[in-house]
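Asks: make a model of this:
(one chain, ligands or ions: 2)
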Amino acid sequence: MNLSEPISSLPRTSSVTIKKFQSLEINTYLDLINYFPFRYEDYSIVSKINRLQPGETVTVEGVISQSKYQITRTGLKIQVFKLDDGTGEIELGFYNQPYLLRLLKKGMNISAAGIIEQYGKKLSIKPKEYEVNGKRVHTARIIPIYPEKKGLSSRTIREKMMFIESFPEEIFPEKIILFNNLMGEPTAYQQIHFPDSLESEKKARERLAFDELFTIQLSSRLVKKEWEKEKVTNKFILTGKNEKLINKFIESLPFKLTKAQHRVWKEISSDLKKDNPMNRFLQGEVGSGKTVVAALTCYLAYLNGYRSLLMAPTEILATQHYQTLVKLFKKFPVKIGLQTGSQKINGNDIVVGTHALVSKKFKLEKVGLVIVDEQHRFGVAQRAELKNKGITPHLLSMTATPIPRTVALTLYGELDLSIIDEMPPGRKRVKTFYVSKEKRQAGYQWMRSEILNHQSQIFIVCPLIEESEIETMKSVKAAKAEYENLKKIFPDFKIGLLHGKIKGKEKNKIMEDFNNRKTDILVATPVVEVGVDIPNATIMLIEGAERFGLAQLHQLRGRVGRGDKQSYCFLFSETDSLPVIERLRFFSQTSDGNKLAEEDLKIRGPGDIYGMKQHGFIELKIASFGDYALIDKTKKAVGYFDSHFSITNYRLLKKKVDNYQKGIVARD
Ligand code: ADP
Ligand code: MG
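Replies: Ligands and ions are numbered 1, 2, ... in the order given. As a prediction, this is how the structure comes out:
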């Protein structure tokens, strides 16, 4: 059996099922076995009927000796079968599945798993799983439970998984396996799906998580080594006249740089003095002052005779950057240009544009510095692109998305990390409150008086219906319903509605109306949050707040508190769950995005940080960013591997690394 075979060669599988697999990006057998269960049910004890004890979870196997149809006193329809295994009889009861009477006939061999119940002297079982003819796929073993998406049931996935008979070969040298006490690769793939024991499942999971973290980090390390071989045309000089001019620029700023900005500038400028290119990742909250650091960096490039490119994810942001830079360099001879789809302003010392700047046929002469704002996977792909065009500039990527340090170090190991962990002085904290269902009306009352007395403007973000990058009809519907509902609550105020299905022109009009205070309240779906910048809005109300991750709530909260007025954020939630309420309370007391991201990681445990995918991060399949011990272990293993072995001798590992890099590039 070849694992690269297409999923369509699965035996006895309908084309509908195959399509469902394909919609989950499962195209080959290899993809299939890389679809991992997230939990298991243990039905491995097979018991004789005369030995059964009420309360135990077991599998029973026998022959159907009787079948009947009953209606309970409460009107429930049940299908009852008697199962005989030679030692005794037990009743199998199914609710509301009349077709079973046709399917399971007298004399058939049945295997059923579930909890044993006792009524009087009679033992019975309501099977959680059953199967016929002595097969042991769904019973008589520890069975895997898969994420059920696109209408694929765990039962189907399990059946198809059974067809796979060969597993990937070992990818590591024996030394790595022995030192880290790893389960072998093929065994791990077999055991993650159909484990012999729960201990064995744990070892399998650890092995595959090890592979995942190892691959990511090895990839970064190899990329970094490649980059380190590159040379910039000329080192930047930051002494003498240049130093004086830089200091003059800093003095010209309308504010004093924070300690964190100073530190980060030092880190950046020491990179720029070297003769290999900078690859730095600058992280800092919204409003922490990354732009001025970027401006300083561009200015140093300018002083050394080089042009800079500054790229933003949207036209709006590019225009904002352009305006900021024009102000900052007003008294300096630096010429600033803007290049977006709709606007072209000449100026070629610093050129601001969208991410398309690099890929378009834009002339890239004398570019010594490229700065990328808010794109997380900048690096591998764009570097390659620039290299194709024959330039090797310094690179700086900036982000305001809070990413826990471990995550940044794992995912961006090829980049050096700088963090602005301090806000400029005098910023007002956005006052944040959790609002329970009992307080909802009072909350509305308060907002009403804020609008009346202070001309406040309010964002109302609808609950997250589906975690999807694309806005679905379902969430648009929910937003419309919320909008109608609010019109009843605030009949005397002007309310706007914004969602992704509204077209460009109309959307602009809605934003303009809100910006010009023609509307008091703007109702929006969660996905339109990005890029919305209305300094007048001082209140952010988030509906169904419990559905958002902390990092996402933080992003939403960042939409207010941009002017000098005190701003507020309300978390509306109908939940009664104490841990959830606690989480929302924690959020109301914490304004540090990184702390929130770390907490998200702790709460969500294995898997991912909420909203990471939307923001362009890769998703881990099996490892967890919260597993610091394994991150550390794999990091050491990567170091050892790289200094003792050559990846070219490990074909399968190389393939894994290549595939990972292709994945990154595809996302860029
Ligand atoms: P971001 O990190 O989100 O890109 P910006 O660079 O846009 O943040 O800065 C946000 C605001 O803070 C801007 O108006 C900027 O002028 C101001 N700012 C930046 N640094 C300081 C500072 N050290 N002191 C006071 N205000 C500052
Ligand atoms: Mg910014």
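
Asks: C-alpha from now on. contacts and neighbour counts both.
Replies: Noted.

Asks: what stretches of this structure score poorly on pLDDT?
Replies: Within the chain, the ranges that satisfy pLDDT under 70 run 358-362, 375-381, 466-471, 504, 527-533, 603-618, 664-668.

Asks: please name the nearest non-neighbouring residue to Y69.
Replies: Nearest in space to Y69, with sequence neighbours left out and distances taken as CA to CA, 6 or more residues apart in numbering, is Q79 at 4.8 Å.

Asks: what's the burial count for the one you found?
Replies: When neighbours are defined as other CA atoms under 10 Å, Q79 has 20 of them.

Asks: host element of it?
Replies: Assigned by DSSP states H and E, Q79 belongs to strand 77-84.

Asks: so what's R585 up against?
Replies: Residues near R585 by CA atoms under 8 Å, 6 or more residues apart in numbering: F433, Y434.

Asks: secondary structure class for the nearest residue to E185 once chain neighbours are set aside?
Replies: Distances taken as CA to CA, 6+ apart place E170 nearest to E185, at 4.9 Å, with adjacent residues excluded. Three-state call for E170 (DSSP: H, G, I helix; E, B strand; the rest coil): coil.

Asks: quick one, what contacts E170?
Replies: Counted by CA under 8 Å, 6+ apart, E170 has contacts G184, E185, P186, L652.

Asks: still on that earlier bit, check which helices and strands the helix or strand following the strand holding Q79 sits against.
Replies: Tracing the chain C-terminally past strand 77-84 and defining elements by DSSP H and E, one meets strand 89-95 next. The helices and strands touching strand 89-95, judged by 3 or more CA pairs under 8 Å, 6 or more residues apart in numbering; DSSP states H and E, are strand 77-84, strand 122-125.

Asks: the last one pairs with which strands, parallel or anti?
Replies: Same thing as strand 122-125. Using DSSP bridges, the strands paired with strand 122-125 are strand 89-95 (parallel), strand 109-119 (antiparallel).

Asks: figure out how far it is from the centre of its chain.
Replies: Here the centre of strand 122-125 is set off from its chain's centre by 46 Å, with CA atoms, centre = their mean, to the nearest Å.

Asks: could you do stretch 140-152 as well?
Replies: Put simply, stretch 140-152 sits 22 Å off its chain's centre (CA atoms, centre = their mean).

Asks: between the two ends of it, how far is it?
Replies: End-to-end distance of stretch 140-152 (CA to CA, to the nearest Å): 22 Å.

Asks: can you list the residues that contact it?
Replies: With CA under 8 Å, 6+ apart, stretch 140-152 has contacts from 17, 20-21, 23-24, 35-46, 58-59, 111, 113, 137, 153-154, 157-158, 193-197.

Asks: 6 Å instead, please
Replies: Outside stretch 140-152, the residues that touch it by CA atoms under 6 Å, 6 or more residues apart in numbering are P37, F38, R39, Y40, E41, D42, Y43, S44, V46, T59, S154, H193.

Asks: so the closest residue to the last one other than its chain neighbours bridges to which residues?
Replies: In space, not counting the residues next to it along the chain, H193 is nearest to P144; the distance is 5.9 Å by CA to CA, 6+ apart. With beta bridges defined as DSSP bridges, P144 has these partners: Y40.

Asks: distance of P144 relative to K105?
Replies: 28 Å.

Asks: so for those two, which sits in the more crowded spot?
Replies: P144 (22 against 16).

Asks: so can I have TSV of the strands paired with strand 122-125 showing mean neighbour count?
Replies: Shown next, in TSV, are those (neighbours: other CA atoms under 10 Å):
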stretch	mean neighbour count
strand 89-95	20
strand 109-119	20
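
Asks: redo the ones you listed as a markdown table? Include distance to ligand 1.
Replies: Below are those laid out as a markdown table (distance: least, CA to the nearest ligand atom, whole Å):
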| stretch | distance to ligand 1 |
| --- | --- |
| strand 89-95 | 57 |
| strand 109-119 | 55 |
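
Asks: and F214, which of those is closest to it?
Replies: Of all the strands paired with strand 122-125, strand 109-119 sits nearest to F214, with 38.5 Å by CA to CA.

Asks: tilt between that closest one and strand 77-84?
Replies: Inter-element angle recorded for strand 109-119 and strand 77-84: 110 degrees (by axes from the mean of the first three to the mean of the last three CA atoms, to 10 degrees).

Asks: three-state assignment of R383?
Replies: Relying on three-state DSSP, one would call R383 helix.
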